[in-house]
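Engineer: any chance you can model this:
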Amino acid sequence: MQWSLFLLLLMGQCVFITCHLYEYHFIQEQMSWDEARAYCREKYTDLAKVFDLTDMRRLQDSAQSQTEAWIGLYSEPGGDNRRWHWSRPGEEYTENETCWGGGEPNNSEYPENCVITRNKWADYPCSDTFQFICYDEKKKDNKTFHLIKTSVNWTQAQSHCRQHHTDLASGLDQIYSEEFKNLQNSTALWIGLFRDSWRWSDGSNFSFRYWDTDNVILIQANKTWEEALYYCREKHHDLASITNLHEQQWFQEKAKNASTPFVWLGLRYTCTLGFWFWVTDEVAEYSNWDSKRKDDVCGVSGAMDTAGEQKWVSQPDNNKFNFFCSKH
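Structural biologist: Numbers count the residues shown, from 1 in each chain. This is a model prediction of the structure:
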């Protein structure tokens, strides 16, 4: 479960003396956010806060597979209310220890809430695409950096780093390190610096964010490809498309929860015209076909293998599998 802008997790929390050890309590009552906060402050401590991925996993376990509930994150909109944060949990942004270029941050294409470095920092729209550097933190003072040469937006870069490494490169100790500088080589790269207007209900300054950026849901029901298509278009938006490596990696993780050996995608073969296409009309150069299990014949559609390398395969339309829907 990831956070969306309006649908968040309702948890009470009890705080112990040991740092970051707090209990999450799932409350199975329907309330507004203000009502939920008042309830938690009366019965426990406050709405739940999240320090890092470990907390996030504990929160997910506490949620008992519920799909939507409140947490203690709220926004105070407005440019003046934004604060700079490092993506790396626990790393504090210090105003007098920065590496901004001349005139930066200038917020010229409002909102410019994410940061690239070309030896000096500049704020850019988070939707722009750049290469980026991840870090692995195996133990204290033993960090390894990884230059990712695929250009993606800032949120996708952060998600990739958290899935495959530890996080986006964050903090001056990392940005100023010789290893980082050697990888950078004057290329414009995302770093783990961002700003937003979000606050925690209890006043904690935790910078951790885990926004839902993949607008896709796995449906654990067995349907033919056509039944899956109609279901998605009636209940959600459409059968889902995969247009880049980041999306492929996210689908692979979700597909592991499927109850069938394959999961339908919005990928269809037209024998009249003789080519494969996405039903969403998206054009993508990216593909992940298993060349040994791709049949260009009538009556087949595209699915993802839920095991092994989880590549795309063609399957007869009348087979019944779980499927991915894209959401509005």
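Engineer: how about the nearest residue to residue 137, chain neighbours excluded?
Structural biologist: Closest residue to residue 137 in three dimensions, ignoring its sequence neighbours and counting by Cβ to Cβ, 6 or more residues apart in numbering: residue 166, at 4.6 Å. Placement of C-beta: from N, CA and C, glycine included.
Engineer: what's the distance between the one you found and residue 133?
Structural biologist: Taking Cβ to Cβ, to the nearest Å as the measure, residue 166 falls 12 Å from residue 133.
Engineer: out of these two, which sits in the more crowded spot?
Structural biologist: Neighbour totals were compared for residue 166 and residue 133, and residue 133 leads with 25 against 20 (other Cβ atoms under 10 Å).
Engineer: the more buried one contacts residue 148, doesn't it?
Structural biologist: Yes - applying Cβ atoms under 8 Å as the test, residue 133 and residue 148 come out as touching, 7.1 Å apart.
Engineer: what sits against the residue located most distally from the centre of the chain?
Structural biologist: Centroid-distance maximum for the chain: residue 272 at 38.1 Å, with Cα atoms, centre = their mean. Residue 272 sits next to no residue when contact means Cβ atoms under 8 Å, 6 or more residues apart in numbering.
Engineer: where's it, which helix or strand?
Structural biologist: Per DSSP states H and E, residue 272 falls between elements, in no helix or strand.
Engineer: quick one: it and residue 298, what's the gap?
Structural biologist: To residue 298, residue 272 is 9 Å away according to Cβ to Cβ.
Engineer: distance of residue 307 from residue 82?
Structural biologist: Counting by Cβ to Cβ - residue 307 and residue 82 are separated by 44 Å.
Engineer: quick one, helices of the stretch 201-328 of the chain?
Structural biologist: Listed in chain order, the helices of the stretch 201-328 of the chain (DSSP state H, counting those that start in this stretch) span residues 225-235, 245-255.
Engineer: identify the residues contacting the last one?
Structural biologist: The contact list for helix 245-255, computed with Cβ under 8 Å, 6+ apart, reads 150, 152, 156, 159-160, 163-164, 214, 216, 218, 240, 242, 263, 286, 288, 304, 306, 310, 324.
Engineer: now, of those residues, which are buried?
Structural biologist: Buried members of these, counted by 16 or more other Cβ atoms under 10 Å: 152, 156, 159-160, 214, 216, 218, 240, 242, 263, 304, 306, 310, 324.
Engineer: can you redo those residues as CSV with distance to residue 292 and pLDDT?
Structural biologist: Shown next, in CSV, are these (distance: Cβ to Cβ, whole Å; pLDDT from 0 to 100):
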residue, distance to residue 292, pLDDT
152, 30, 85
156, 30, 84
159, 31, 85
160, 28, 86
214, 28, 81
216, 27, 86
218, 25, 92
240, 24, 93
242, 19, 90
263, 19, 98
304, 15, 97
306, 17, 94
310, 15, 94
324, 23, 96
